[in-house]
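Participant: model this:
(2 chains)
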Protein chains: 2
Amino acid sequence: MDEFARIQYWTSERQSAHWQHSRGTVLGIGDDAAVLDFNSAQDGIVGERRQLLVSDTMVEQVHFTEQTMRDEHIGYKALAANVSDIAAMGGVPLHAVVSVCVPATWGPERMKSIYDGLYACAEQYGVAIVGGDTTSSPAHLVISVSLTGAVEAGKEIMRSGARPGDVVFVTGPVGLSAGGLHVLQGASANKRHAEKVSDPDCRALVAAHQQPAPSILAGRLLLRSGICHSLNDVSDGLASEAWEIAEASGLRIVLEERLMPKSGSMSAYASSVGSDPLEWMLYGGEDYVLVGTMDRSGVTALKAEFHRHGLPFYVIGKTEEGSPGVEWIPLPHGWNGRNSGVDEMALLRTSLPKRGFNHFGT
Amino acid sequence: MDEFARIQYWTSERQSAHWQHSRGTVLGIGDDAAVLDFNSAQDGIVGERRQLLVSDTMVEQVHFTEQTMRDEHIGYKALAANVSDIAAMGGVPLHAVVSVCVPATWGPERMKSIYDGLYACAEQYGVAIVGGDTTSSPAHLVISVSLTGAVEAGKEIMRSGARPGDVVFVTGPVGLSAGGLHVLQGASANKRHAEKVSDPDCRALVAAHQQPAPSILAGRLLLRSGICHSLNDVSDGLASEAWEIAEASGLRIVLEERLMPKSGSMSAYASSVGSDPLEWMLYGGEDYVLVGTMDRSGVTALKAEFHRHGLPFYVIGKTEEGSPGVEWIPLPHGWNGRNSGVDEMALLRTSLPKRGFNHFGT
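Facilitator: Next up is the predicted model:
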């Protein structure tokens, strides 16, 4: 099978011409460039539109190994990471190009599984795959996806818009993906541990790592509310994302442990292996939920709207005037869960180190 | 230097906010996504517009080695290859996102040189760099660029539009890049050969390989002519690109050796090393000139217009009805250069194998 035959094998008859057309695709895979009718895509954008453009790369050994991700998961997650960036602006995703560097030892079948995952994710989020590039790789698999999106002009939610007095929220629990990675790495290292992977708790964590579920709807609800001032997706860990908002907006963020959603599966697994789930929650990354800040007055209504759509929404802290940074109010040992302890808790307030998954150390 | 500091070091103050704005950039590097005003970019597109989207990846060991490309060249060529795809649709380039996988052993300085090349190419072609992704790599450098462009709606030039009776043209000589690669590989293998590299002939070939010069203007002139029926850029070799047009358009292409532009530098170098330049011309690739077909009646005027703009233009063959394929009329040995031999030459007509640089063999 030559290069063109392989691309055909991986991509043909995956998305109908009619459906691609509804996304604004004039000419998809197969020429020098995709041709897109950006202005007429049926994407729900009302009025004047702006385009969003993102790119995200996954590298074997760095982002995944054969032990942690099946081929379908690699394709799924490579696109989902980009979708998450579009969600974090309040936009909707439209068109993707996919560049893959395929190890010389791979036959066409394995790459087909990668594309199975890519197209499953594309279907989930309404993304038209319109082109890309296929090269051989001397060693590892590299998959790089670029994605366009659309958003109402002037409504895009940046990380620099937080205001003092905002509440800080997340649109789902964090730390599950890092917990899932811990499960998978333990399973590959230790046979007794491997039996654990089929526990329902472990399965939930592994699913969070292998098939993340960014929510475009969450971003759209936040944009439409008109009172969401800043937004990031949690790709490099909650602490790192909060730092980005604090620095870009020039203020202090205070997060409270007692307000943080804690997945029961994560806590159960962490305690069974003697790990601290807080490390996963703050520094794990790849959760692909949204973290942001908004006007306090609208919280009740927005939370109710999230719940009506079956989406979680948690207030986890607040913003303050001050030199840019992130602070953390931990739970005291033996806290009884009553609010009466909250004032004393504030005394435990401490600075949260600025780190996350950083490709070049700190 | 952490990841953010590195990205700053590589990208900040390279393109002014004012200039980025003129290209339609609302928000560039630094948030989850770039925000672009696609409709108002000052790019010379008249009337209703379509968007173009391309992606191209360069991999160490596959596309280049330390012997064949300096770091600036790698960055320059990674973007230029994408610009060439936009030119091949008749469009203008606008916004790029750059994903790099950087070997763990590289310090920030080498990557800065890659970005020097990227920004030099971006300046040359008016491309706004608006985002990307930076990851570490366990082994080789991988650089993946995605590029948007714009084109007048319905005017984009596809490879499927060739008609029987068209002439086939190229917008520059081919084979120089492959000749340059031969120079560079010979130089790294052989010290006596290394002295040759400073010959003017060799320098011209090496420059073609290291800093290709796709022409957006050539694509625009072809689009505006209204009689260019099909177009490809020569990235995988002339034979391969001609085959693509023939198969997409459902006709036969006949190329004539006597009509092919032959670079004097290439011929001189090839004869000095006993190589056949025809192999480089037909199967070398990475020339990034345009090959296409057009209405015969407009050739004289269009050629004159190319020349007025200092651009070369060569008719190298024609199209015919017939089963899709590419045929080749070679020069007979000892041809005297007169047209009187052309009829006899046609008897030498032969099929041109469908191959080129193919990442998975044939």
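Participant: What score does the residue nearest to residue A:91 when sequence neighbours are not counted have for pLDDT?
Facilitator: If the residues on either side of it in the chain are set aside, residue A:91 comes closest to residue A:151, at 3.6 Å by Cβ to Cβ, 6 or more residues apart in numbering or on different chains. Yep, even glycine has a C-beta here, placed from its N, CA and C like the rest. According to the model's per-residue confidence, residue A:151 sits at a pLDDT of 97.
Participant: Residue A:55: what secondary structure?
Facilitator: For residue A:55, the reduced secondary structure class is strand; criterion used: DSSP: H, G, I helix; E, B strand; the rest coil.
Participant: Pretty sure it sits against residue B:146.
Facilitator: Yes - assessed by Cβ atoms under 8 Å, residue A:55 is found in contact with residue B:146 at 6.0 Å.
Participant: who in the stretch 101-250 of chain A is up against chain B?
Facilitator: A:101-102, A:130-140, A:142, A:144, A:146, A:148-149, A:151, A:153, A:156, A:158-160, A:231-233, A:248 (Cβ under 8 Å from any Cβ of the partner chain).
Participant: Now, these that are in strands?
Facilitator: Here DSSP state E is the test, and these give A:101-102, A:130-137, A:142, A:144, A:146, A:148-149, A:151, A:231-233 as lying in strands.
Participant: where does the closest residue to residue A:10 other than its chain neighbours land in three-state SS?
Facilitator: Computed as Cβ to Cβ, 6+ apart, the closest residue to residue A:10 that is not its neighbour in sequence is residue A:115, at 4.2 Å. Assigned state for residue A:115: helix (three-state reduction, three-state DSSP).
Participant: I figured residue A:115 hits residue A:75, correct?
Facilitator: Yes - taking Cβ under 8 Å as the definition, residue A:115 is a contact partner of residue A:75 at 6.0 Å.
Participant: So for those two, which residue has more residues nearby?
Facilitator: Neighbour tally, residue A:115 and residue A:75, criterion other Cβ atoms under 10 Å in any protein chain shown: the higher count belongs to residue A:75, 29 against 21.
Participant: tally of neighbours for residue A:25?
Facilitator: Other residues within reach of residue A:25, judged by other Cβ under 10 Å, total 24.
Participant: typed the wrong thing, it's residue A:353
Facilitator: Taking other Cβ under 10 Å as the neighbour definition, residue A:353 ends up with a count of 14.
Participant: I figured it hits residue A:242, correct?
Facilitator: No - under the criterion of Cβ under 8 Å, residue A:353 lies out of contact with residue A:242, with a separation of 11.4 Å.
Participant: Could you list the buried residues of stretch A:235-253?
Facilitator: Residues of stretch A:235-253 classed as buried: A:235-249, A:251-253 (neighbour count, 16 or more other Cβ atoms under 10 Å in any protein chain shown).
Participant: Using ChimeraX, make a named selection holding only the buried ones among the residues of the stretch 101-250 of chain A next to chain B.
Facilitator: Selecting only the buried entries of those in ChimeraX, with 16+ other Cβ under 10 Å as the criterion:
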select /A:101,102,130,131,132,133,134,135,136,137,139,140,142,144,146,148,149,151,156,158,159,160,231,232,233,248
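Participant: Show me what the closest residue to chain B within chain A bridges to in the sheet.
Facilitator: Per Cβ to the nearest Cβ, the residue of chain A with the smallest distance to chain B is residue A:146, at 3.5 Å. Residue A:146 has the following beta-bridge partners by DSSP bridges: residue A:55, residue A:97.
Participant: Wait, a strand at residue A:93?
Facilitator: Yes - the assignment for residue A:93 by three-state DSSP puts it in a strand.
Participant: and it, what does it touch?
Facilitator: Contact partners of residue A:93, counting by Cβ atoms under 8 Å, 6 or more residues apart in numbering or on different chains, are A:82-83, A:86, A:125-127, A:147-149, A:216.
Participant: just residue A:268 next, same as before
Facilitator: residue A:201.
Participant: Let's see the pLDDT reported for it.
Facilitator: Per-residue confidence for residue A:268 comes out at a pLDDT of 93.
Participant: Okay, and it sits in which element?
Facilitator: Per DSSP states H and E, residue A:268 falls inside helix A:264-273.
Participant: what's the following helix or strand after that helix?
Facilitator: Taking DSSP H and E as the definition, the helix or strand right after helix A:264-273 is helix A:277-283.
Participant: near chain B, anything from the helix or strand just after that following helix?
Facilitator: Following the chain from helix A:277-283 toward its C-terminal end, the next helix or strand by DSSP H and E is strand A:290-294. No - contact check for strand A:290-294 against chain B, using Cβ under 8 Å from any Cβ: none in range, with a minimum separation of 9.8 Å.
Participant: what element comes up after strand A:290-294 heading to the C-terminus?
Facilitator: Following strand A:290-294 in sequence order, the next helix or strand is helix A:299-308 (DSSP H and E).
Participant: So what touches that next one?
Facilitator: In this structure, residues lying in contact with helix A:299-308 by Cβ under 8 Å, 6+ apart are A:167, A:169, A:171, A:218, A:221-222, A:225, A:227, A:294, A:312-313, A:315.
Participant: now these: which count as buried?
Facilitator: A:167, A:169, A:171, A:218, A:221-222, A:225, A:227, A:294, A:313.
Participant: Strands - which of those land there?
Facilitator: Within the buried ones among the contacts of helix A:299-308, membership in strands is found for A:167, A:169, A:294, as judged by DSSP E.
Participant: hang on, the first one packs against residue A:296?
Facilitator: In this case it means residue A:167. Yes - taking Cβ under 8 Å as the contact criterion, residue A:167 and residue A:296 are neighbours in contact, 5.1 Å apart.
Participant: Which neighbours do these two have in common?
Facilitator: What both residue A:167 and residue A:296 touch, as defined by Cβ under 8 Å, 6+ apart, is the set residue A:318.
Participant: State the mean pLDDT of stretch A:180-188.
Facilitator: For stretch A:180-188, the per-residue pLDDT values average out at 88.
Participant: buried residues in it?
Facilitator: With the criterion 16+ other Cβ under 10 Å, stretch A:180-188 contains buried residues A:180-184, A:186-187.
Participant: List the buried residues for the helix holding residue A:268?
Facilitator: A:265-266, A:268-270.
Participant: mind exporting it as PDB, just the C-alpha atoms?
Facilitator: As requested, C-alpha coordinates have been extracted for helix A:264-273 and formatted as PDB (Å, rounded to 0.1, in the frame of the first residue of the first chain):
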ATOM      1  CA  GLY A 264     -14.900   9.000  45.200                       C
ATOM      2  CA  SER A 265     -13.200   6.600  42.800                       C
ATOM      3  CA  MET A 266     -10.000   8.600  43.000                       C
ATOM      4  CA  SER A 267     -10.000   8.800  46.800                       C
ATOM      5  CA  ALA A 268     -10.700   5.100  47.100                       C
ATOM      6  CA  TYR A 269      -7.900   4.100  44.700                       C
ATOM      7  CA  ALA A 270      -5.500   6.600  46.200                       C
ATOM      8  CA  SER A 271      -6.000   5.300  49.700                       C
ATOM      9  CA  SER A 272      -5.700   1.700  48.500                       C
ATOM     10  CA  VAL A 273      -2.200   2.500  47.100                       C
END
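Participant: next one: it to chain centre, how far?
Facilitator: Its chain's average C-alpha position is 22 Å from that of helix A:264-273, according to Cα atoms, centre = their mean, to the nearest Å.
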